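**Q** pasted the sequence and its predicted model underneath.
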Amino acid sequence: QTLMQQVYLPKWIFPAVTFISDTFKFCITLGLLLAFLWLFGYPATGAYLALPILIAIEILLTLGVLLLVAASVPLVPDIRFLVNHVLTLLMFVSGIFFSAERLQPEQRELFYLNPVSYLIEAYRLVLLEGTWPEFSRLLPAAVTGVLTLLAALWILRRLDREYPKIVRTR
């Protein structure tokens with residue numbers, strides 16, 4: 001709070017530092033995952049060329065949601081408690097622990113409303129099966145990422161000079 005009042009600093013920098021740190025950890029984890037996959041008989045295939053696209057879509061989604069939540073927390077501080085629970089719920093319903101093929105067709109329609117669900121499935125296709133994902137099915141995740149990122153940047157830009165006043169009144 002004191003830093004925000006003494007020197008002007010764009011407020012998007014605070015969540016960006018967290019994002020960069022976590023992206024670095026993700027790169028290390030991805031490297032370890034690839035090493036384990038190769039070690040256990042899942043060789044690299046031409047489908048690995050799709051990984052940069054999948055990672056870019058994941059970055060768009062993550063950065064959009066991160067900045068949107070970061071922009072909202074000063075306005076609604078209790079949202080930070082809700083975020084952990086919502087993210088845990090989304091992890092369990094996004095197909096991390098099961099494949100969409102185990103669901104009934106009518107359940108799949110609802111399942112794929114989660115923009116992360118096909119992204120996870122696409123990672124499975126590329127890394128485990130060595131096949132290319134259907135990029136048209138990744139479009140909702142990419143659009144969601146872009147729209148959330150634009151909304152977050154708009155809010156952050158609009159309230160950039162107001163955040164120190166909001167924090168000071170609490």
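**A** Looks like it came in fine.
**Q** just for this protein, where's the confidence low?
**A** Within the chain, the ranges that satisfy pLDDT under 70 run 1-7, 163-170.
**Q** 90 instead, please
**A** By pLDDT under 90, the weakly predicted segments of the chain are 1-16, 18, 65-118, 153, 155-170.
**Q** mind listing what's buried along the longest helix along the chain?
**A** Ranked by residue count and defined by DSSP state H, the top helix of the chain is helix 13-39. Neighbour counts over helix 13-39 (16 or more other Cβ atoms under 10 Å) mark P15, F19 as buried. (Glycine included, C-beta is placed from N, CA and C.)
**Q** for the helix or strand following that helix, buried residues please.
**A** Where DSSP states H and E defines the elements, the next helix or strand beyond helix 13-39 is helix 51-72. The neighbour-count check on helix 51-72 (16+ other Cβ under 10 Å) flags 51, 53-55, 57-58, 60-72 as buried.
**Q** and the helix or strand following helix 51-72, what does it pack against?
**A** Going down the chain from helix 51-72, the next helix or strand is helix 79-93, by DSSP H and E. Applying 3 or more Cβ pairs under 8 Å, 6 or more residues apart in numbering; DSSP states H and E, one finds that helix 79-93 makes contact with helix 51-72.
**Q** for the helix it packs on, name the packing helices and strands.
**A** Secondary-structure packing of helix 51-72 (3+ Cβ pairs under 8 Å, 6+ apart): helix 13-39, helix 79-93, helix 115-124, helix 139-159.
**Q** R102: which of those helices is closest?
**A** helix 115-124 (12.0 Å; Cβ to Cβ).
**Q** tell me the SS of R161?
**A** coil (DSSP: H, G, I helix; E, B strand; the rest coil).
**Q** what's the burial count for it?
**A** R161: 11 surrounding residues under other Cβ atoms under 10 Å.
**Q** E121 versus that one, what's the distance?
**A** 43 Å (Cβ to Cβ, to the nearest Å).
**Q** and Y48, by the same measure?
**A** Distance from Y48 to E121, by Cβ to Cβ: 16 Å.
**Q** higher neighbour count, the two?
**A** More neighbours surround E121 than the other of Y48 and E121, with 21 against 13 (other Cβ under 10 Å).
**Q** look up how far R80 lies from the more buried one.
**A** Separation of E121 from R80 (Cβ to Cβ): 30 Å.
**Q** same check on A122?
**A** Computed as Cβ to Cβ, the A122 to R80 distance reads 30 Å.
**Q** more neighbours, these two?
**A** Between A122 and R80, A122 has the larger neighbour count (other Cβ under 10 Å), namely 25 against 12.
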